[in-house]
Structure formats: C-alpha cells, structure tokens
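structure, please.
(chains A, B, C and D)
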Number of protein chains: 2
Amino acid sequence: MDALTINEAAETTGWSPRMLRYVERLGLIEPERSSGGYRLYGPAELQRLRTLRELLDTHDLGLGEMGFALRLRRDRDLRRAVEAWFEAKVARPVDVPAGDWLSWEQDKHSRLLAAAGAPPS
Amino acid sequence: MDALTINEAAETTGWSPRMLRYVERLGLIEPERSSGGYRLYGPAELQRLRTLRELLDTHDLGLGEMGFALRLRRDRDLRRAVEAWFEAKVARPVDVPAGDWLSWEQDKHSRLLAAAGAPPS
DNA sequence: CCAACCTTGACACGATCGTGGTAAGGTTGC
DNA sequence: GCAACCTTACCACGATCGTGTCAAGGTTGG
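Residues are numbered from 1 along each chain as shown, chains lettered A, B, ... in the order given. Predicted structure coming up:
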C-alpha cells in the first residue's frame, strides 16, 4: 500500500492525529480520501508534513500564520490590498494641499492601486 | 502645527490611544517622536491609520496578521522559505525510488530552495 | 462478521491576542 | 510653575488558538 491512514501518518511525521485534522482544516495539507471517507496520506503529504514542521520550528511560526500565508497566496485581492497598504509607506504623495489632508478621504486607495510596483530594496 | 499627539490622532482616526501604541509595537505604524519622547502623528501616519482600519474591516484581518505580513516582507529568508513550502505542493519530485521515501529526510529542503520560480497560476 | 481503525462533533484548558484600565513619573506650553 | 498631556509598565479579561480527550457512529480487512 502506498498511502497511510491518519494514525500511521501521525506516527511517521510526529504530528498528532488531531493536529493533522487541524492542518487540513487550515487548508495547508489536504490528503485524499478513501471511498469511505478515510484520510489517505501519500509520500508527498508525509514529506510536506515534515517540512512544514521544520519550517514552523526554524522560523518560529504558528499554523495560523501559515494559514494566513495561504490566504494571501490564494486571494489575489487580499494580496494586492495588503501590498498596496505597505507600498503606501514608501510611495507617499505630498501633492496634497496643506490643511486639506484631514478631509482627504480614503479614495486615495484607488490611487495606491494604480501606483503598484515594488522597487528592489 | 503639523503633527498630532496620540490622543488627538486617536480622535481623528477612530483608533484608541492604546491601540495606536499596539499598532506601533507591531511595527505597522511608527510615528516620529518629539525630543521628549511624545509620539507625533503627521498626515501620512493619520492617513495610513485610516486605510489600515479599512483594510482590516473589508478583508476581515487582524493586526496580528498584518504584523505577520510585515515580517514576511521584511525577512527575505522567511519569505523564501514559506514560498518554497507552498511551491513544493506543485513542484513535487517523483524521482524518489519507491519504498525509499520513508527515509528520505528533509535535506530535500535544499532541493526546494534550488527549484524556486513561480509559474503564473 | 467483528476487532481495530476511522469519521465528525463537542467539551476542556492553558496560552496568546486584542483591548481596556491604572499607576508612577516625565514633557509641553501657556 | 503648573495643569494637561504624554510615557512606560503592569493587571485584567473575554476571545481565539493550539491541542487533547471523549462519545457516537461508520469503514476496513482478514
């Protein structure tokens, strides 16, 4: 057989079965299912589980943070919005009439989107 | 005067003073300081505070997640490691001798780093 | 067919997050 | 010089996270 059930996968990867289900719910590793609904972990999933553990340990990350990273890479709008916000720190427009910035509402947002493009730091 | 103190900034942005300090501790918005140590919020910071609020609301984000996004964009190693892990989901090598993958320890990591490069989804 | 395993769902519980308050002391500006 | 504001540093407290355990029921395979 080429696929392990959840307890076997837990033993060879060091994760607990509970955590494997949690990791799946975060969308990070979603194993195939048997016709009856059993999770089936293949070599690829097992390896990814091991490297995931290593990634979390070496960079002191949490699963939630990896879940957010996944969201970032799946949701293009979100990614662009977040990047735009950070870019604004650099690409600050100064052509706003003094005294007017208090009423300068966030339609600036669109301007930010137009000015996309990250300079190599 | 062109810069507001923390309470004034709080009033015009809707954040609480407490939260402004928190946002600062996360590294998201770090206002200048007066010679005596008072935080001084200029137009740019005020605008960023407003757009930050909007970003969090429209995408249902938390400050912690934005803090992580900041980490991602500041720490090149972290960003590459995270990306490499996600890329591995796609760029799965199959040239591992069958039955041997159980002992295939995570020195694969280096291979992953070597195989960087995102295909346009 | 039946023991051993898996499924989802619920309750639990310490740790961290998001947010507020308060205290002790320094800064500003009229 | 002094009232009003700011600073940092704590204690607090509900909410969520990470993780475990248990219960009721379905699946697998010899």
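
helix, strand or coil: sort out A:Leu49 for me.
Look at A:Leu49: counting by DSSP: H, G, I helix; E, B strand; the rest coil, its state is helix.

from A:Glu32, how far off is it?
A:Leu49 is 14 Å from A:Glu32, where distance means CB to CB, to the nearest Å. Yep, even glycine has a C-beta here, placed from its N, CA and C like the rest.

what's the answer for A:Ala69, then?
23 Å.

just to revisit the earlier point, who's more crowded, A:Leu49 and A:Glu32?
With neighbours defined as other CB atoms under 10 Å in any protein chain shown, A:Leu49 and A:Glu32 compare such that A:Leu49 has more, 23 against 11.

my read: that one touches A:Leu28, true?
No. Judged on CB atoms under 8 Å, A:Leu49 makes no contact with A:Leu28 at a distance of 9.2 Å.

show me where chain A has its strands.
Along chain A, the segments classed as strands by DSSP state E run A:32-33, A:39-40.

looking at the ones you listed, which is buried most?
strand A:39-40 (a mean of 18; mean count of other CB atoms under 10 Å in any protein chain shown).

could you measure from the residue sitting nearest the centre point of chain A over to B:Arg74?
Closest residue to the average C-alpha location of chain A: A:Ala69 at 1.4 Å, with CA atoms, centre = their mean. When distance is defined by CB to CB, A:Ala69 is 14 Å away from B:Arg74.

likewise for A:Gly37?
For A:Gly37, the distance to B:Arg74 - CB to CB - is 43 Å.

of these two, who's got more company?
B:Arg74 (12 against 6).

would you agree A:Glu45 is in contact with A:Ala9?
Yes. Using CB under 8 Å, A:Glu45 makes contact with A:Ala9 at a distance of 7.3 Å.

joint contacts of those two?
A:Pro31 (CB atoms under 8 Å, 6 or more residues apart in numbering or on different chains).

pLDDT score assigned to the one residue in chain A that gets nearest to DNA strand D?
Closest residue of chain A to DNA strand D, CB to the nearest atom of the strand: A:Gly36 (2.0 Å). A:Gly36 is assigned 96 on the pLDDT scale.

measure A:Leu28 to B:His59 for me?
20 Å.

wait, I meant A:Arg33
For A:Arg33, the distance to B:His59 (CB to CB) stands at 31 Å.

over to A:Thr5?
From A:Thr5 to B:His59 the distance is 37 Å (CB to CB).

again, but for A:Arg79
10 Å.

close to DNA strand D: what parts of chain A are there?
A:16, A:18-19, A:22, A:34-38, A:62-65, A:67 (CB under 7 Å from any atom of the strand).
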